[in-house]
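Peer 1: the following comprises the amino acid sequence and a computationally predicted model.
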There are 2 protein chains.
Amino acid sequence: MAGTLSIVGVGPGDPELITLRAARLIGAASVVAYFCREKHPSQARTIAQAHIGPNTREMRLVYPFTTEVSVNDPAYHQNMSAFYDRSAECLAGELAAGQDVTLLCEGDPFLYGSAMYVFDRLRARCNTQVVPGIMAMNGCWGEAQAPMTHGDDVLCVLPATLPEAELAGWLERADAAVIMKIGRNMPHVRQAITRSGRMKDAVYVERGTQGGQVITPLEEREGKAPYFSLVLLPGRKRVR
Amino acid sequence: MAGTLSIVGVGPGDPELITLRAARLIGAASVVAYFCREKHPSQARTIAQAHIGPNTREMRLVYPFTTEVSVNDPAYHQNMSAFYDRSAECLAGELAAGQDVTLLCEGDPFLYGSAMYVFDRLRARCNTQVVPGIMAMNGCWGEAQAPMTHGDDVLCVLPATLPEAELAGWLERADAAVIMKIGRNMPHVRQAITRSGRMKDAVYVERGTQGGQVITPLEEREGKAPYFSLVLLPGRKRVR
């Protein structure tokens, strides 16, 4: 295919946390593509907005669902896989026509990003480049002013979708940990942290680096959590 | 203290992987500080160079040693701790005099960064802000075009300084893993990866995003590794 697919991380939310290279590639693209929910703006597009040129075409890749279907439902993976197939074909159409396409991704494209599934489908068929982005966790530990790993601390990045016992096991072994994608998983995340004896050090961050940011000890936080929330467990500081 | 200490990540090496906010704060600083080796330029300063203003004063914080003393030698921690005490006092002098100081850090300031030790010493005494940076691992997995975590994969970030058996144990449990700070630890890193049965998937990256970048399967790599090298073990791709 004649066009190049650039998969570009736009960072955790604050538009100033975009890289110079991301800004350049967004500005230079013939087509800018992004994932979004039906009838909702794309968070990645909102972050990148200032850099999108007036003549750039935009391609919305609209998720069939987001939180309405549980990841534990087999229909989730079946439908999402078909959606990624369709998205890859839409992008392939532009690339085959010689257009350079920039696919925007919140955070970093290769850590739990939807773009990975499209990349996996297209990498053998076109030229690709990947531009890393500031991850949500980096933005959050910077705003929380929470140094994470001293000396030879091990950092574990854990999806909140893991079962409670498994999560607690990881938390017992890890020095530093980040629990991502909390949302509806908050109740068992809370229980896993308590079970591992680390509740007193847990920092809750909601909408980190975005408008409406909340940073608070998890102990003092009650109730539900949105999708854009995570928990930080800084390392053990054995070295000073 | 009247001045503000900004701790700013400048990313993994490519000067274009600096964020817009980092560029702005470097340009606005009265004093730019950075860690370096005696008689060597600072890697962080080299990355940030284009943004340092003509009237900015620079403060070199010169490590007493780097790789000449092993981290397993008690003298290492004793001397480094005294060095961080002295560095904090140098910065405190400027901050007390009302100067805004920007401390540059390679990668992200709060993942194994020297700046954390200075931050720990100054946080109660002055205004601080922390600007996240693209970490070495993000830059490396982007350049290697290696998606890391699909679905609910767990990512473990492991310092190569861990003992071989401990490293192998982590590699057996982790879905995705990054082994940082390889340098002289290459022989036991290699053994730990072999022991965990994951050699065939291991990707070696040297000087990622910098001049002289090397990306190769670890199996095909022989001999020594420099400090700026890491190994990527992408996740298990159970979800497609």
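Peer 2: Alright, I've got the coordinates. Numbers count the residues shown, from 1 in each chain, chains lettered A, B, ... in the order given.
Peer 1: from here on, just use CA atoms for contacts and neighbour counts.
Peer 2: OK.
Peer 1: how close does A:Asp175 get to A:Arg121?
Peer 2: A:Asp175 is 36 Å from A:Arg121, where distance means Cα to Cα, to the nearest Å.
Peer 1: compare those two (neighbour count), which wins?
Peer 2: A:Asp175 (21 against 17; other Cα atoms under 10 Å in any protein chain shown).
Peer 1: in contact with the more buried one, which residues?
Peer 2: A:149, A:153-156, A:234-236 (Cα atoms under 8 Å, 6 or more residues apart in numbering or on different chains).
Peer 1: nearest residue to the residue in chain A positioned nearest to chain B other than its sequence neighbours?
Peer 2: With Cα to the nearest Cα, the shortest gap between chain A and chain B falls at A:Thr19, namely 4.1 Å. Spatial nearest neighbour of A:Thr19, chain neighbours left out: B:Thr19 (4.1 Å); criterion: Cα to Cα, 6 or more residues apart in numbering or on different chains.
Peer 1: need the phi and psi values for the one you found.
Peer 2: Per-residue torsions, B:Thr19: phi -90, psi 160 (degrees, to the nearest 10).
Peer 1: and the pLDDT at it?
Peer 2: Confidence at B:Thr19, expressed as pLDDT, is 98.
Peer 1: can you check the one 3 residues further on too?
Peer 2: Per-residue confidence at B:Ala22 stands at 98 (pLDDT).
Peer 1: in what helix or strand does it lie?
Peer 2: Per DSSP states H and E: B:Ala22 is located in helix B:20-28.
Peer 1: quick one, strands of chain A?
Peer 2: Along chain A, the segments classed as strands by DSSP state E run A:4-9, A:31-36, A:57-62, A:101-105, A:127-131, A:155-159, A:176-180, A:203-206, A:214-217, A:229-233.
Peer 1: model confidence over the fourth one, on average?
Peer 2: If you average the pLDDT over strand A:101-105, you get 97.
Peer 1: now stretch A:49-60
Peer 2: Per-residue pLDDT over stretch A:49-60 has a mean of 96.
Peer 1: least confident secondary structure element in chain A?
Peer 2: Counting by mean pLDDT, DSSP states H and E, chain A has its least confident helix or strand at helix A:74-96, which shows a mean of 93.
Peer 1: isn't A:Met59 right next to A:Val32, touching?
Peer 2: Yes: using Cα atoms under 8 Å, A:Met59 makes contact with A:Val32 at a distance of 6.2 Å.
Peer 1: give me the more crowded residue out of these two.
Peer 2: Set A:Met59 next to A:Val32 and count neighbours by other Cα under 10 Å: A:Val32 wins out with 23 against 17.
Peer 1: pLDDT value on that one, please?
Peer 2: Looking at A:Val32, its pLDDT reads 98.
Peer 1: hmm, A:Arg184 is touching A:Ser229, no?
Peer 2: No: using Cα under 8 Å, A:Arg184 is not in contact with A:Ser229, being 10.5 Å away.
Peer 1: who has more neighbours out of the two?
Peer 2: A:Ser229 (23 against 16).
Peer 1: quick check: bridge partners of the more buried one?
Peer 2: Judged by DSSP bridges, the bridge partners of A:Ser229 are A:Glu206.
Peer 1: show me what contacts it?
Peer 2: Neighbour list for A:Ser229: A:180-183, A:204-208 [criterion: Cα under 8 Å, 6+ apart].
Peer 1: before we move on, the earlier item: which helices and strands does the helix holding B:Ala22 pack with?
Peer 2: strand B:4-9 (3 or more Cα pairs under 8 Å, 6 or more residues apart in numbering or on different chains; DSSP states H and E).
Peer 1: I'd say A:Val154 and B:Ala160 touch.
Peer 2: No: the criterion here is Cα under 8 Å, and A:Val154 misses it with B:Ala160 at 10.2 Å.
Peer 1: got a pLDDT number for A:Asp175?
Peer 2: pLDDT, A:Asp175: 97.
Peer 1: distance of the most centrally placed residue in chain A relative to A:Ala22?
Peer 2: In chain A, the centroid-proximal residue (Cα atoms, centre = their mean) is A:Gly107; its distance is 4.8 Å. Using Cα to Cα, we find A:Gly107 at a distance of 12 Å from A:Ala22.
Peer 1: got the domain ranges for chain A?
Peer 2: The record's domain split for chain A, according to automatic domain parsing, is A:4-134, A:137-233.
Peer 1: can you get me the start-to-end distance on the last one?
Peer 2: Read it as domain A:137-233. Using Cα to Cα, the end-to-end distance of domain A:137-233 comes out at 11 Å.
Peer 1: re the thing from before, and the least confident helix or strand of chain A, what does it pack onto?
Peer 2: Applying 3+ Cα pairs under 8 Å, 6+ apart, we find helix A:74-96 packed against strand A:101-105, helix A:115-122.
Peer 1: ok, now with 7 Å
Peer 2: Judged by 3 or more Cα pairs under 7 Å, 6 or more residues apart in numbering or on different chains; DSSP states H and E, the packing partners of helix A:74-96 are helix A:115-122.
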